Structure formats: structure tokens, C-alpha cells
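S.K.: Generate a structure from the sequence data that follows.
(chains A and B)
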Amino acid sequence: MNKIMYLEFERCIGCRACQAACRECGDHDAKERNYVEHVDFMESRQTFPMMCMQCKDPACARVCPANAIQITEEGVVLSASEEKCIGCRNCTFGCPFGIPKFDFEANKMYKCDMCYDRSKHDIAPMCASVCPSDAIRFIDFDEMQSLRRRRTQLNLVEGKKPTEQDKWKYVPEFFGVYSD
Amino acid sequence: MQQLERSFYSKASMYSFIVVMILIFLMWIGTGQFSHVDIMLFGYVIGSLVFAIGITVRMVSWSLRPATQQMLKRSFVNMRNRKRKKRNITSILKTAVDNIVLQKFIFKRGIYRGITHWLIAWGCLGSFAITFGLTFGWMHFSLIDAETYQMVVMGIPTIKMAADGFLAQMIFEGLNITAMMLLFGVLMALIRRSTNKDVKVTQRPEFDLMPLYILLAVTVTGLVLTVSYKFLGGWMHNYMALIHQITVVLFLVYFPFGKLFHLPIRPMAAGVPMNYQEEVQVDTRGCRRCNTPYSSDDQIADVKEVLGLQSFDLQLADGSYLSDYCPACRRRMRVMKQLNLESSLESPYAPIQTMTDVQVPGFGSPRADAYYDNSKGEKEND
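M.R.: Numbering: from 1, shown residues only, chains lettered A, B, ... in the order given. Got it, this is the predicted structure:
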């Protein structure tokens, strides 16, 4: 698997199709694991979709006292294993992006797993497959590289040159699974 | 202590040595200076010692993780605090009853799952108690007169009972009862694991199914023994006993290294009400940005320390940490940074000046490549 989730927050129209699709995904137990929120409701109508970054070295797993958060061989960070999770919510506070959700009723944490049963077969996750405005895309690594390159070129056309210090500002949000 | 630790390769080997010594010492007391060791159970003794070493090694390596260490440290500090006495006792008792005896949280995930887990868990714990008690000789039964048995625990004579009374029957059938609980629980679990499509998403046969197969082998061979001596006059009993012994030793050796290792982790759940939230879903610490309560001071201090120990630099320019903000604000901060929205906008209706300064043209599907090709693009779009 060499696919990338490619997010462009600017493209989000706030339709919440991704959340409805997430609820339908296998093992998600009819609860959405992603977020669609207003950036600042009083200032603009801009919304954004938010999923897990699937970190290589996840802070959530590092702060888990029960060692319940496991990473698959494809690099997907799974929800806390139900048999170990003691329900302390450390992961929700440790995550720098505020991704894990907590189910007080069943006393367990659950988080975006990139629709593991789909993405492990290279099928787009539910959210990416339904997004009408392409704010969420599931694309090849090479395609992502070419999109990044195009952004850089357009910046150069507009007279903006990324430097080594701020080059990350010039690329859109992307994350995914790179195991080769 | 440090001197002692330095005479071993590691903490794990030191604690394993201590645990094995304690077990052998207890066996020495229980069997009256090894005078009545049940030699038929010798294989179980070896299996149980390997089990004890495995559990100790895994527990030590688990408790050395920074996050676990921090949780344990705070729990012990709080347990010594006299002002928290009431809170400590209630949280430990409540966790023991709700999470371990009744396992309420699993029943909330589904009644079928609750019953399955309760049967397996208490079948295992009951069998463990009886097996370890008998193999290490911690308890045995002695005949007082022709009709009375007496239970001897650790060499101390305790209750007497009629040899054919109800209590005696229940005790002698103990392993059969736990085995029946296990058999039903394991079969229910296997049915769920093979039919439910949701659990198949992240299920791994070698991790999730293997313990069930091992448990099934142990219970079936154990129950066959009962069938053999009760109904078949001991037919094939010694061969079956050997096969049962092999499966049990396999189970004991597997236990600390597979999925079943969650058993010694569970009691730490008492640390959650004890250290972090006295009442479920009642938060005391407000978010630095929006002031919504989202956690407690102690927990955020712990999270910061654990992250710091593992070189996660999540401090912002103003000196605050990302864990000072509620999850919703953390998500928003990331997006505002990305979209250059941290400064106020000129007009709510104006296009957003993103960091890239590239405006997304419309919200439809991405434009054809031809659009970006100058010669063709101008013609089409003008």
C-alpha cells in the first residue's frame, strides 16, 4: 500500500457526508470517528474535515498507560484494544491534533483507523470516497508529489519562494500510509 | 535494594527470581516441608513456575514504560495521602466490583459479549485458584474419620465437611463447574468471532483466536477426564490426563505473552477514579482558550510529563502546551495555522488568504490538467 490521504481544508463545504459515511464503515459501530467543524463560526463560514494523521510515532500510544494503542504493519494507528483500554483518556489529551474520541458508556477510546478493512486493500476510506468537493482524497504517493510540485510552481509564479525554514507552509495537509 | 539489583542482569530477572523463591517457599510451607507433594501434578508445577516468571517479566517491562510508570507513581503517592483516604477506598472497591467482579462495562458493549466474557473470565480465575492451590500444595484435603473431610490450607486445618455433603460436592466439582463456564464462554466467543463482520476488521487469528483455541483444548480435555472416570470406568484415563496436562502447560506458558495478558493490566483501572476523575464525565480543568472543562489538573500534568520524557516537544510559542487546550481547540488551532486564519479576516465574505496564497477554484471536481497549461487554458477560460 502506497496511498496518501490528501486533505485540503479550503475545499470543505461542511456537508458532513464524510461523517455520515464514517458511521457506515465496518467496526465503527454507527459512530463517526472524524470531525467537521467551523474554524470560527463568527468570522467565516469555513469548515474543515479532520481525521487522524496516523503518526509514525503516535503521542496517543506513548501516553497510554495500558499500552493499548497498536499500529498495524501498514502503519495505521488503531483504536485502543478493548481488552486493555482502562478508560483514562490520556490519549485524547496527549494527541497534539485532538483526534481520539472517548465512549463513556462502553468505557473505551475509539479513533479514525482510515477504514482499515478498506484501506488495507487500497480502497479509499469511506470519507474520501464520498467527499463531494474533494477536500478529502485518497491518492497515490506519486500523485501527491506532483500536486505538491504544482503548488510550489504556482507559488513561484506568484512571486513566493518557499525557503528551507517555511517550505511546509506551502504544501497542503497530507498524511497516510507509506509502507513499501 | 540497588545493591541487590546490581547482582542481577535486570529488574525483570531480579523480580522473577524473587517470585519463584516466594512460590517455592510457600510450597514448602503448604506441603509440610515437601512431605506430601502430589507428584502427579509435577508438570503443572513446572508450568506454573514458567507462568509466574513470564507474568513477572511482562509486568516489569510493562511498568517500565514512562506512561505506565507515571500512572503507578501517582497512584502510590495518592494512596499514601491521608486526605484522599475515602476517595481511594471507594475508587478501588468500586473498580473491583464493577469492572472485575461484575464486568459492567463489557455488558454495556453488548449483553452477549458481557455474558461471554464473564463466563470466560470467571471460569479462568476459578480454575487458576483451584489449579495453583492444588499444584503448589497450598490446600489439600485430609480424612478425619470415615465420613468427614477437612480442608487444610497452608498446613492449617480449616473447615470440616461431610464427605458426601453439598459443600464437599461443590468443592470437588469446582473444576468441572469452571470448565463448563469456560466451555460455554469460549464457544460463544468463537461463534461471535467467526460470524460478526465488525470484529473481523481488525481481528488477527494468531492474536485473537489462538487463546480461544488453547482454552477450548484445555476445557475439552479436562471435561473428557471427568467423563472418563465418571461414566467409562476410567477408560484411557491416564493417557487423557497426560494430554490434559500438556494442554494446560501450553496454556500457562502462552498466557503471559498473548492476548490474555490483559488480566494483570485491568486492576490499574482503579487509578482512573483515584487519580483523574472522581466522578465519570465530570471535568474540573478548563481549556486555556475556550474555558470548556475537559480534564483535571493532575491528568494534564501527567500527560505533559510523559510526553516530555519521550521527547515530544508540544510547547507553543507563548509557553503553553498543546495539552492545555481542549481537543476541539487543538483541532481548530491546527487548521487556523494551516489556513492563515490566526489573524483576523478583512471581511467575512472575502476569500481566505491561505498560507499558500493559492485559491481553490470552485468546489467541484479538480480542473482538468489543460487548465494549468497556459496555451490551452487561456483559450478555454477567456
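
S.K.: What's the mean pLDDT across stretch B:196-214?
M.R.: Mean per-residue pLDDT for stretch B:196-214: 92.

S.K.: End to end on that stretch, go ahead and measure it.
M.R.: Stretch B:196-214 has an end-to-end distance of 21 Å (C-alpha to C-alpha, to the nearest Å).

S.K.: got the residues of the stretch 1-150 of chain B near chain A?
M.R.: The stretch 1-150 of chain B comes close to chain A at residues B:62, B:65-68, B:70-71, B:105, B:108-109, as judged by C-beta under 8 Å from any C-beta of the partner chain. Placement of C-beta: from N, CA and C, glycine included.

S.K.: So which of those residues wins on neighbours?
M.R.: Sorting the residues of the stretch 1-150 of chain B next to chain A by how many neighbours each has (other C-beta atoms under 10 Å in any protein chain shown) puts residue B:71 first, at 27 neighbours.

S.K.: Return the residues in contact with it.
M.R.: By C-beta atoms under 8 Å, 6 or more residues apart in numbering or on different chains, the contact set of residue B:71 is A:65, A:88, B:268, B:271, B:275, B:302.

S.K.: so what's the most centrally placed residue in chain B up against?
M.R.: By C-alpha atoms, centre = their mean, chain B has its centre lying nearest to residue B:262, at 2.5 Å. Neighbour list for residue B:262: A:81, A:83-84 [criterion: C-beta under 8 Å, 6+ apart].

S.K.: returning to that earlier point: out of the residues of the stretch 1-150 of chain B next to chain A, give me the two with the largest separation.
M.R.: Farthest apart among the residues of the stretch 1-150 of chain B next to chain A by C-beta to C-beta are B:66 and B:108. That separation is 30.8 Å.

S.K.: returning to what we had before: now do the residue nearest to the centre of chain B against residue B:106, distance only.
M.R.: In this view, residue B:262 and residue B:106 are 12 Å apart by C-beta to C-beta, to the nearest Å.

S.K.: Among the residues of the stretch 1-150 of chain B next to chain A, which are located in strands?
M.R.: Using DSSP state E, no member of the residues of the stretch 1-150 of chain B next to chain A falls in strands.

S.K.: Of those, which is the nearest to residue B:195?
M.R.: The closest of the residues of the stretch 1-150 of chain B next to chain A, once distances to residue B:195 are taken by C-beta to C-beta, is residue B:109, at 16.7 Å.

S.K.: Run through the residues that contact the nearest residue to that closest one once chain neighbours are set aside.
M.R.: Nearest residue to residue B:109, sequence neighbours excluded (C-beta to C-beta, 6 or more residues apart in numbering or on different chains): residue A:106, at 4.7 Å. Applying C-beta under 8 Å, 6+ apart to residue A:106 gives the contacts B:105, B:108-109.

S.K.: Quick check: pLDDT value at residue A:106.
M.R.: In this model, residue A:106 is scored at 87, pLDDT.

S.K.: That one: which element?
M.R.: Counting by DSSP states H and E, there is no helix or strand that carries residue A:106.

S.K.: Same check on residue B:183?
M.R.: Counting by DSSP H and E, the element that carries residue B:183 is helix B:174-195.

S.K.: what packs against that helix?
M.R.: If you count contacts as 3 or more C-beta pairs under 8 Å, 6 or more residues apart in numbering or on different chains; DSSP states H and E, helix B:174-195 packs onto helix B:111-135, helix B:210-231.

S.K.: how about CSV for the ones you listed, with mean neighbour count added?
M.R.: Formatted as CSV, those follow (neighbours: other C-beta atoms under 10 Å in any protein chain shown):
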stretch, mean neighbour count
helix B:111-135, 18
helix B:210-231, 17
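
S.K.: Save the ones you listed as a markdown table, and put in distance to residue A:114 too.
M.R.: Formatted as a markdown table, the helices and strands packed on helix B:174-195 follow (distance: least, C-beta to C-beta, whole Å):
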| stretch | distance to residue A:114 |
| --- | --- |
| helix B:111-135 | 25 |
| helix B:210-231 | 26 |
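
S.K.: what's the spacing between residue B:24 and residue B:193?
M.R.: Distance from residue B:24 to residue B:193, by C-beta to C-beta: 39 Å.

S.K.: One more: residue A:28?
M.R.: Distance from residue A:28 to residue B:193, counting by C-beta to C-beta: 18 Å.

S.K.: higher neighbour count, these two?
M.R.: Neighbours per residue (other C-beta under 10 Å) separate residue A:28 from residue B:193, with residue A:28 holding more: 20 against 16.

S.K.: OK, contacts around the spatially closest residue to the more buried one that is not a sequence neighbour?
M.R.: With C-beta to C-beta, 6+ apart as the criterion, residue A:28 has its nearest non-adjacent residue at 6.1 Å, and that residue is residue A:22. Residue A:22 makes contact with A:28, A:32-34, A:112, A:115, A:126-127 under the criterion C-beta under 8 Å, 6+ apart.

S.K.: Which pair of those spans the longest distance?
M.R.: Farthest apart among those - using C-beta to C-beta - are A:32 and A:115, which lie 11.8 Å from each other.

S.K.: Pick out whichever of the two has more residues nearby.
M.R.: Remark: of residue A:32 and residue A:115, residue A:115 carries more neighbours, 26 against 20, as counted by other C-beta under 10 Å.

S.K.: The host helix or strand of residue B:303 near chain A at all?
M.R.: In the assignment (DSSP H and E), residue B:303 maps to helix B:297-309. Yes. Shown here: helix B:297-309 in contact with chain A (C-beta under 8 Å from any C-beta) through B:299-300, B:302-303, B:306-307.

S.K.: list the buried ones in that helix?
M.R.: Residues of helix B:297-309 classed as buried by neighbour count (16 or more other C-beta atoms under 10 Å in any protein chain shown): B:299-300, B:302-307.

S.K.: pretty sure residue A:119 contacts residue A:128?
M.R.: No. With contact defined as C-beta atoms under 8 Å, residue A:119 does not count as touching residue A:128 (9.1 Å).

S.K.: Which residues are in contact with each of those two?
M.R.: With C-beta under 8 Å, 6+ apart as the test, residue A:119 and residue A:128 both reach residue A:138.

S.K.: Quick one: the strands in chain A, in order.
M.R.: A:3-7, A:35-38, A:47-50, A:101-103, A:108-110, A:136-140, A:173-176.

S.K.: Could you identify which of the ones you listed is most buried?
M.R.: strand A:47-50 (a mean of 25; mean count of other C-beta atoms under 10 Å in any protein chain shown).

S.K.: who does it pair up with?
M.R.: strand A:35-38 (antiparallel) (DSSP bridges).

S.K.: didn't residue A:38 look like it was pressed against residue A:47?
M.R.: Yes. Taking contacts as C-beta under 8 Å, residue A:38 lies within contact range of residue A:47: 5.5 Å.

S.K.: Tell me the residues that contact both of those two, please.
M.R.: residue A:14.

S.K.: Leaving out sequence neighbours, find the closest residue to residue B:274.
M.R.: Here the residue nearest residue B:274, using C-beta to C-beta, 6+ apart, is residue B:91, at 4.2 Å.

S.K.: no no, residue B:234
M.R.: Residue nearest to residue B:234 in three dimensions, not counting chain neighbours: residue B:228, with 6.1 Å by C-beta to C-beta, 6+ apart.

S.K.: hang on, the one you found packs against residue B:235?
M.R.: Yes. Between residue B:228 and residue B:235 there is a contact at 5.7 Å, judged by C-beta under 8 Å.

S.K.: sorry, back to before: quick one, phi/psi of the residue nearest to residue B:109?
M.R.: Residue A:106 adopts backbone torsions of phi -90, psi 0, taken as degrees, to the nearest 10.
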